[in-house]
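S.K.: mind looking at a prediction? Sequence and model below.
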Amino acid sequence: MRLDIITLFPEIFDFIKDIGVVGRAYKNKKWELNTWNPRDFTNNKNRRVDDSPYGGGPGMVISAESLENTVNSIKDRHKLSGLDEAPVILFSPIGDTFNQNHALRLSSSSGVILVCGRYEGVDKRFISRCVTQEISIGDFILSGGEIAALALIDAVVRLLPNVLGNNNSKLYESFDINNSGLLDDHPYTRPRSFRGEKVPDILLNGNHKDINKWRREQSLTITFTRRPDLIIKARNQGLLTKDDELFISNLKK
């Protein structure tokens, strides 16, 4: 998988190639990272990429020209390498909220171009002409899209084949098994008793049917109390069983 990052601060992405699961995957050539600074694709001697907004207002706006020139150079490189055309994603607070489904979809692609905005944003004409999708990682403001890009890279790369030591691991993280969109239950490990608090007996009895049922109920409880919107979403998608609905009904009582 090839990831091309358009950023004014390419050095931010150096560390991700050396740390943890994502770093190992990079060294094992499971994915490729290329950073592109739009200052290198300007048509002015000062390599300036920003200007004040029309109509007035605070801050500066990144020009459409510098970004489009950068995207076109990346696409030319893709063509020379025989790669499929990659989607262009811009990180923006008004974009679609990034979630696990986005990560799964991107992990099955051959690559993506990520655009990290700065200042007060980017010229709308670049978005209209070049951007495939705008993505947000939450309802808060960052100084730029680089941190959002790092989060996306981590979420996507770990889903690539043979990146995790155990391919089943990704099924049990953040969202529960069977990809139902529910929050996962809290895990336990040794020792059995920690400062007076014991591991639930059911996890020690070896009956995997009972354990799976207990974990499902824990998952439903956590999701119902902390992210009830995910319960509604799972219900609308037909992902809840009759037993799930009965358990949720009892939770409400």
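M.R.: Received the coordinates, thanks. Numbers count the residues shown, from 1 in each chain.
S.K.: nearest residue to the middle of this structure?
M.R.: The C-alpha lying nearest the average C-alpha coordinate of the chain belongs to residue 152 (C-alpha atoms, centre = their mean; 3.2 Å).
S.K.: just to check, that one is in contact with residue 98?
M.R.: Yes: taking contact to mean C-beta atoms under 8 Å, the distance of 6.3 Å between residue 152 and residue 98 places them in contact. All C-beta spots, glycine's among them, are computed from the backbone N, C-alpha and C.
S.K.: list residues touching both of the two?
M.R.: 135, 137 (C-beta atoms under 8 Å, 6 or more residues apart in numbering).
S.K.: nearest residue to residue 144 in space, please, no chain neighbours.
M.R.: The shortest distance from residue 144 to any non-neighbouring residue, by C-beta to C-beta, 6 or more residues apart in numbering, is to residue 118 (4.4 Å).
S.K.: next up, the contacts around that neighbour.
M.R.: Each residue near residue 118 by C-beta under 8 Å, 6+ apart is listed here: 8, 50, 62, 143, 144, 145.
S.K.: tally of neighbours for residue 70?
M.R.: Around residue 70 sit 25 other residues, with neighbours defined as other C-beta atoms under 10 Å.
S.K.: from the chain's centre, how far out is the helix or strand containing it? Work that out for me.
M.R.: Applying DSSP states H and E as the criterion places residue 70 in helix 64-80. Relative to the chain's own centre, helix 64-80 is displaced by 23 Å; criterion: C-alpha atoms, centre = their mean, to the nearest Å.
S.K.: who touches that helix?
M.R.: Outside helix 64-80, the residues that touch it by C-beta under 8 Å, 6+ apart are 2, 4, 6, 34, 36, 38-43, 49, 84-86, 88, 111, 113, 115, 122-126, 129-130.
S.K.: what do you get if the cut-off is 7 Å, keeping everything else the same?
M.R.: 4, 6, 36, 38, 41-43, 49, 85-86, 88, 113, 115, 122-123, 125-126, 129-130 (C-beta atoms under 7 Å, 6 or more residues apart in numbering).
S.K.: could you do stretch 39-53 as well?
M.R.: If you take C-beta under 7 Å, 6+ apart as the criterion, stretch 39-53 is touched by 8, 38, 60-63, 65-66, 69-70, 73, 119-120.
S.K.: end-to-end on that stretch?
M.R.: Counting by C-alpha to C-alpha, to the nearest Å, the length from the leading to the trailing residue of stretch 39-53 is 19 Å.
S.K.: please point out which parts of it sit buried.
M.R.: 41, 42, 49, 50 (16 or more other C-beta atoms under 10 Å).
S.K.: which residue lies farthest from the center of this structure?
M.R.: residue 196 (37.8 Å).
S.K.: how close does that one get to residue 214?
M.R.: 22 Å (C-beta to C-beta, to the nearest Å).
S.K.: kindly report the same for residue 92.
M.R.: Counting by C-beta to C-beta, the gap from residue 92 to residue 214 is 41 Å.
S.K.: comparing the two, which residue is more hemmed in?
M.R.: When residue 92 and residue 214 are compared on other C-beta under 10 Å, the one with more neighbours turns out to be residue 92, at 19 against 16.
S.K.: just the buried residues of the helix or strand containing residue 152, please?
M.R.: In this assignment (DSSP H and E), residue 152 forms part of helix 146-157. Counting neighbours by 16+ other C-beta under 10 Å, one finds that the buried residues in helix 146-157 are 146, 148, 149, 150, 152, 153, 155, 156, 157.
S.K.: quick one: list the elements packing against it.
M.R.: helix 20-27, helix 100-107 (3 or more C-beta pairs under 7 Å, 6 or more residues apart in numbering; DSSP states H and E).
S.K.: the last one packs against which elements?
M.R.: Spelled out, it's helix 100-107. Using 3+ C-beta pairs under 7 Å, 6+ apart as the test, helix 100-107 ends up in contact with helix 146-157.
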